[in-house]
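S.K.: Sequence plus predicted model, see below.
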Protein chains: 2
Amino acid sequence: MRIVVLAGGIGGARFLRGLKAAAPGDEITVIGNTGDDIHLFGLKVCPDLDTVMYTLGGGIHEEQGWGRAAETWSVKEELKAYGVGPDWFGLGDRDFATHIVRTQMLAAGYPLSAVTEALCARWQPGVRLIPMSDDRVETHVLIEDAEGRRAVHFQEYWVRLHAEVQAQAILPVGAEDAKPAPGVLEAIAEADVVLFPPSNPVVSIGTILAVPGVRQALAEADAPVVGLSPIVGGAPVRGMADKVLAAVGVESTADAVARHYGPGLLDGWLVDTADAAAVAAVEEAGIVCRAVPLMMTDVDATAAMARAALALAEEVRG
Amino acid sequence: MRIVVLAGGIGGARFLRGLKAAAPGDEITVIGNTGDDIHLFGLKVCPDLDTVMYTLGGGIHEEQGWGRAAETWSVKEELKAYGVGPDWFGLGDRDFATHIVRTQMLAAGYPLSAVTEALCARWQPGVRLIPMSDDRVETHVLIEDAEGRRAVHFQEYWVRLHAEVQAQAILPVGAEDAKPAPGVLEAIAEADVVLFPPSNPVVSIGTILAVPGVRQALAEADAPVVGLSPIVGGAPVRGMADKVLAAVGVESTADAVARHYGPGLLDGWLVDTADAAAVAAVEEAGIVCRAVPLMMTDVDATAAMARAALALAEEVRG
């Protein structure tokens, strides 16, 4: 079976690990969010692609969920000693090597999709990982604080400001002119199932959907599209999705997120058993909905979620 | 007193440490060789400038003579895991940070001299360190081996091939079009003394002399020019200077090196006591020569060498 997954960072990567366990013989294509990408120290950093690659390739820092295991921090210490910032973004030495290789390949003229494939040749993630676009798309967040009203890079909002300042709008800068990377539309068209992991619906999956052509390809695809709620019991399972949902006027509930995606996009939706009461509202909106445990506590629990999503896809395919 | 020193890497840096001890109140300007500079992994690496900066700034790996103390090697390990080369050049994580900062500043449009000054703001080497030129000059070495006759970057010849292949010529590529960096000619013109440390006469000091205007400025300067022999007892004290001396047709003897620089450039020359027999030949060539211990075994011994060089400068100034 050909499964296509739209993935952000930590949530997407952990879900994919469960999916691989649940569907070992299937062909998985991951369309990765690149709206979080940032240039730091002259290097191109792709946090979501790397989190997927490191997690599935066995190099991730497990507890942290991002960055490398057995990481060292000498480069960061030295940059600080030079007084060169920013210092709020955690780039370890092993991680730096990835960005050095990527930047060098990009400078040599390779598109990001080819670079990602080359990096994956080492990591062997067991999925085909494609960036949503080879073009630069950067999620900016419109905020207002003591320094005034301004747009900051998503990483600055998320990592430096801890999403503590109210987000007034989410701006996927460059998205309207971006083209899907080679293989993105084809993978969707040829998919047997499309899954939305419990990734951030606004700044992860929402950014992928903002690339012209992707939303339409999903709507036109034969494959059922099934999503898993990142909101459990009225709060994000991890991260600060509630902050960016508020910015786009969506309540932080399992059913509001389903309605935000909408029945034109979603065929099926899984909510956590804690949100079983939301099933009716989702179905009323025209999306088949089931309540199953949605806490990715370990690979087994995550594989069960993936099996439930695949089962729901079969059901809605009907 | 204003002292100008033309310096390569390890030998120059160690001599400068002794000179600082010998002349604590004096103003030392170092014109650093950049012919060894190399682009690695998309980063600009300046081995000689960094060796001077780290040595005088207290960050050098003492035993090794190059690179950083308390270094870690995660980036290099990772690059190897990605299969990205070259792997024969030793770039540690702390060192990488220097190259990242430098490359970023160069990309922002700062000339190498301004970048070097910025890096030195952290290291406080206690000297003014100026690259010989802001223009790219790269020493290539013409070799012939099983792969045929070809020119390789100096670092490839020196570090990867360990200077074991015969060098047929030394080519300072780009030198003829290079301009001295701001301050180089002025420092020479205003100097009270110019010193050539026991650096490599061909690929360190020779490359600096290949920048148009430098040799003439030295010849026209009021200041006496005094050098210290890097050859002791017929062999280089360290490094493989004999290999590159052979390539330019110069014997590896203390007096042959003095004659290679020539009386038009050198006013005084120090040879090691082991080479006392060479004094007459050097003086016959028109260069005042003295024999003193020239082994830089520690800072005290090196300071004594620096004092001997300054004393000889006073003598020839006469």
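M.R.: Received, thanks.
S.K.: For the rest of this, base every contact and every neighbour count on C-alpha atoms.
M.R.: Will do.
S.K.: longest helix in chain A, by residue count?
M.R.: Longest helix in chain A by number of residues (criterion: DSSP state H): helix A:299-317.
S.K.: Show me the strands in chain A, by range?
M.R.: Counting by DSSP state E, the segments of chain A that form strands are A:2-7, A:27-32, A:38-40, A:43-45, A:128-131, A:138-145, A:148-153, A:167-173, A:193-196, A:225-228, A:231-232, A:235-236, A:268-271, A:288-291.
S.K.: Setting the sequence-adjacent residues aside, check what's closest to A:Arg122.
M.R.: Here the nearest residue to A:Arg122 in space, its sequence neighbours aside, is B:Tyr82; by C-alpha to C-alpha, 6 or more residues apart in numbering or on different chains that works out to 5.9 Å.
S.K.: Pretty sure that neighbour sits against A:Leu119.
M.R.: Yes. When contacts are counted by C-alpha atoms under 8 Å, B:Tyr82 is listed as touching A:Leu119 (7.1 Å).
S.K.: related to what we said a few turns ago, against A:Glu138, how distant is the residue nearest to A:Arg122?
M.R.: 27 Å (C-alpha to C-alpha, to the nearest Å).
S.K.: Contacts only, for the residue nearest to A:Ile130 when sequence neighbours are not counted.
M.R.: Spatial nearest neighbour of A:Ile130, chain neighbours left out: A:Ile31 (5.0 Å); criterion: C-alpha to C-alpha, 6+ apart. Counting by C-alpha atoms under 8 Å, 6 or more residues apart in numbering or on different chains, A:Ile31 touches A:4-7, A:129-132, A:184, A:208.
S.K.: and of the residues you listed, the nearest to chain B?
M.R.: Chain B lies nearest to A:Leu129 out of these, by C-alpha to the nearest C-alpha, at 16.8 Å.
S.K.: what bridges to that closest one?
M.R.: Following DSSP bridges, A:Leu129 is listed with bridge partners A:Val30.
S.K.: Could you check how many residues crowd around it?
M.R.: If you count neighbours by other C-alpha atoms under 10 Å in any protein chain shown, A:Leu129 ends up with 22.
S.K.: again with A:Ile60
M.R.: When neighbours are counted by other C-alpha under 10 Å, A:Ile60 registers 21.
S.K.: ok, now A:Val279?
M.R.: Residues lying near A:Val279 (other C-alpha under 10 Å) number 21.
S.K.: Confidence-wise, which of the strands of chain A is weakest overall?
M.R.: Of all the strands of chain A, the segment with the smallest mean pLDDT is strand A:235-236, scoring a mean of 88.
S.K.: Quick one: list the elements packing against that strand.
M.R.: Contact analysis of strand A:235-236 by 3 or more C-alpha pairs under 8 Å, 6 or more residues apart in numbering or on different chains; DSSP states H and E lists no helix or strand as a packing neighbour.
S.K.: got a list of contacts for that strand?
M.R.: Applying C-alpha under 8 Å, 6+ apart, the contact partners of strand A:235-236 are A:230, A:242, A:252-253.
S.K.: Direction included, what does that strand pair up with?
M.R.: Strand pairing for strand A:235-236, using DSSP bridges, gives strand A:231-232 (antiparallel).
S.K.: ok now the helix or strand of chain A with the lowest mean pLDDT, how far from the chain's centre?
M.R.: Ranked by mean pLDDT, DSSP states H and E, the helix or strand of chain A with the weakest confidence is strand A:235-236, at a mean of 88. The offset between the C-alpha centroid of strand A:235-236 and the centroid of the whole chain comes to 16 Å, using C-alpha atoms, centre = their mean, to the nearest Å.
S.K.: now stretch A:180-198
M.R.: Here the centre of stretch A:180-198 is set off from its chain's centre by 14 Å, with C-alpha atoms, centre = their mean.
S.K.: what does stretch A:18-30 give?
M.R.: For stretch A:18-30, the separation from the chain centroid amounts to 17 Å (computed by C-alpha atoms, centre = their mean).
S.K.: Just the buried residues of it, please?
M.R.: Along stretch A:18-30, the positions that meet the burial threshold by neighbour count (16 or more other C-alpha atoms under 10 Å in any protein chain shown) are A:18-23, A:27-30.
S.K.: tell me which parts of the stretch 101-250 of chain A are close to chain B?
M.R.: Taking C-alpha under 8 Å from any C-alpha of the partner chain as the contact definition, the stretch 101-250 of chain A meets chain B at A:101, A:103-104, A:119, A:122.
S.K.: Adding pLDDT and neighbour count, write those residues out as JSON lines.
M.R.: What follows is those, written out as JSON lines (pLDDT from 0 to 100; neighbours: other C-alpha atoms under 10 Å in any protein chain shown):
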{"residue": "A:Val101", "pLDDT": "98", "neighbour count": "24"}
{"residue": "A:Thr103", "pLDDT": "97", "neighbour count": "22"}
{"residue": "A:Gln104", "pLDDT": "97", "neighbour count": "19"}
{"residue": "A:Leu119", "pLDDT": "98", "neighbour count": "18"}
{"residue": "A:Arg122", "pLDDT": "98", "neighbour count": "13"}
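S.K.: Next step: the residues you listed restricted to helices.
M.R.: Among those, the residues falling in helices (DSSP H) are A:101, A:103-104, A:119, A:122.
S.K.: between these, which is closest to A:Ser199?
M.R.: A:Leu119 (22.9 Å; C-alpha to C-alpha).
S.K.: so how far is B:Asp255 from that closest one?
M.R.: For A:Leu119, the distance to B:Asp255 - C-alpha to C-alpha - is 55 Å.
S.K.: Residue ranges of each domain in chain A, please.
M.R.: For chain A, the structural domains run A:2-33+A:177-317, A:38-131, A:138-172, going by automatic domain parsing.
S.K.: Of all those, which one comes closest to B:Asp275?
M.R.: The nearest among those, by C-alpha to C-alpha, is domain A:38-131 at 43.9 Å.
S.K.: and the end-to-end length of that closest one?
M.R.: Taking C-alpha to C-alpha, the first and last residues of domain A:38-131 lie 14 Å apart.
S.K.: what do you get for stretch A:248-261?
M.R.: Counting by C-alpha to C-alpha: the opening and closing residues of stretch A:248-261 are 12 Å apart.
S.K.: what does stretch A:104-116 contact?
M.R.: The set of residues external to stretch A:104-116 that reach it, using C-alpha under 8 Å, 6+ apart, is A:49, A:102, A:129-131, A:133-134, A:181-182, B:41-42.
S.K.: quick one: which of the residues you listed is nearest B:Asp222?
M.R.: Distances from the contacts of stretch A:104-116 to B:Asp222 were compared by C-alpha to C-alpha; the smallest belongs to B:Gly42, at 42.2 Å.
S.K.: residue contacts, that closest one?
M.R.: With contact set as C-alpha under 8 Å, 6+ apart, B:Gly42 has these partners: A:100, A:103-104.
S.K.: For the contacts of strand A:235-236, point out the one with the lowest pLDDT.
M.R.: A:Asp242 (91).
S.K.: so that one touches A:Gly249, yeah?
M.R.: No. Shown here, A:Asp242 and A:Gly249 do not form a contact pair, counting by C-alpha under 8 Å, at 10.2 Å.
S.K.: tell me, how many neighbours does A:Glu220 end up with?
M.R.: Taking other C-alpha under 10 Å as the criterion, the count of residues near A:Glu220 is 13.
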